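Trainee: Okay, sequence plus prediction incoming.
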Amino acid sequence: MKPSILSKELAQKLTKEAQKCVGCKLCMKNCPMLEAFCDAPKELLSNIVKENKIDPKIPYSCALCGYCTQVCPKAVDLKEDFLALRKHVVSRNQGVPKSLKAGAVKFHQAHSFSKRFTGKARSDTHGDKSMIFFPGCSLMAYNPQIVMKTYAYLKERLGSIGILLKCCGNPTYTMGEENKFIKYYGGLQQDFDEMQVEEVIVACQNCFQTIGRNSSDIKVTSLWEVIGRLGVPEEVKNIGRTIEIPFALHDPCPTRNENKIHESVRRIVDALGMKIEEFPFAKDQTLCCGSGAMIGVTNPSLATAQMKKRAQQTNCEYILTYCEECVTSMKRGGKKSIHILDLLFDKEIYKNLHFDQKSKNTLQKWMNRYKGKRMIEKRKFLEK
């Protein structure tokens, strides 16, 4: 692997950030990675500039969750610093270094944009600007039936709406492979253009950020805002009033600053009648679940430690969230966990009060994504 000697521009950027740091260490108290590499960010950034090179393990251990900047009194943006370093490493090595064993990410992205695992159905209204549902990769990999029930709900409440199953390309972006991301996202944008998309309703927090950042002409709306506004299905309204099990509510970090989403989710949970407890770090102060920015691949031991740490920050046995990756992380962290869509569209879950998703292996997840694609293409939209 070639040594990643810093460019002049990058060295200047890191120097400026190091100078801003006052050494208060507020960012280190809940950061998944800083304590593994330094005593303070100022020291870490200064040493990188002084040595004029970077160990790839450092930026590829950052979850890019943004907690550091959220609590920093000087707005030191380590998320952008480490993302810039990832991009730099990629440019110096013509890709992600093999030492990081990121082949799984490459495999995921190549297949997530292939025809075998992507599908779309236009809205019922042709020739006009349209609205589509964009469920994202993880939810379809978990449970295509729940995705299609969600879509059926949207069709019932909103009328004409299409659906597009494809990846937003966030894994490639966070790995620092900028050119590959542009290529992947270009394909997604082509789908948007062909479907004449005016508004995208997204279930995934990473998709919310990625599409909003790269398709400025499209309105990006969170599924949770839509359900919070339109109301939960009648058959599950107040269904949790007699359930004594408390759930800890985990907010995913990509939308930590989207207060409308936080409040919408809580409105949904209240309409369900479920009892929730807030994590000590919630909403804009939420912490990464341990899956951010592919660190589960690039630094699995650090990721696992963060999963356990986050899961154990609540005394609740059950953790509820609205990100499928977060569900998986909380289960790996030692707790029982479900997605909010489980509560909305899985009637069976209330029969035995088994509020814990069944784990699926990689093959099962890809099979589910293929099943979801077939459901979309054949328009087999399931009844609620």
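Mentor: The structure has been received and is ready for your questions. Residues are numbered from 1 along each chain as shown.
Trainee: Name the secondary structure element that contains the residue of the chain positioned farthest from its centre.
Mentor: For the chain, the residue at maximal distance from the C-alpha centroid (C-alpha atoms, centre = their mean) is Lys50, at 34.3 Å. Element membership of Lys50, judged by DSSP states H and E, is helix 41-51.
Trainee: in that helix, what's buried?
Mentor: By neighbour count with 16 or more other C-beta atoms under 10 Å, helix 41-51 contains the buried residues 41-42, 44-46, 48-49. Backbone N, C-alpha and C define where each C-beta goes, glycine included.
Trainee: do the same with stretch 218-228
Mentor: 218, 220-228.
Trainee: cool, stretch 333-344 as well?
Mentor: 333, 335-344.
Trainee: I'd like these as JSON lines, with secondary structure, distance to Met294 and pLDDT appended.
Mentor: Formatted as JSON lines, these follow (DSSP: H, G, I helix; E, B strand; the rest coil; distance: C-beta to C-beta, whole Å; pLDDT from 0 to 100):
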{"residue": "Gly333", "secondary structure": "coil", "distance to Met294": "18", "pLDDT": "98"}
{"residue": "Lys335", "secondary structure": "coil", "distance to Met294": "22", "pLDDT": "98"}
{"residue": "Lys336", "secondary structure": "strand", "distance to Met294": "25", "pLDDT": "98"}
{"residue": "Ser337", "secondary structure": "strand", "distance to Met294": "20", "pLDDT": "98"}
{"residue": "Ile338", "secondary structure": "strand", "distance to Met294": "24", "pLDDT": "98"}
{"residue": "His339", "secondary structure": "strand", "distance to Met294": "21", "pLDDT": "98"}
{"residue": "Ile340", "secondary structure": "helix", "distance to Met294": "24", "pLDDT": "98"}
{"residue": "Leu341", "secondary structure": "helix", "distance to Met294": "24", "pLDDT": "98"}
{"residue": "Asp342", "secondary structure": "helix", "distance to Met294": "25", "pLDDT": "98"}
{"residue": "Leu343", "secondary structure": "helix", "distance to Met294": "28", "pLDDT": "98"}
{"residue": "Leu344", "secondary structure": "helix", "distance to Met294": "29", "pLDDT": "98"}
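Trainee: from those residues, which single one is nearest Asn238?
Mentor: Nearest to Asn238 among those, counting by C-beta to C-beta, is Leu343 at 12.1 Å.
Trainee: how near is the closest one to Lys237?
Mentor: Distance from Leu343 to Lys237, counting by C-beta to C-beta, to the nearest Å: 11 Å.
Trainee: Equivalent analysis for Leu353, please.
Mentor: Taking C-beta to C-beta, one finds Leu353 at 18 Å from Lys237.
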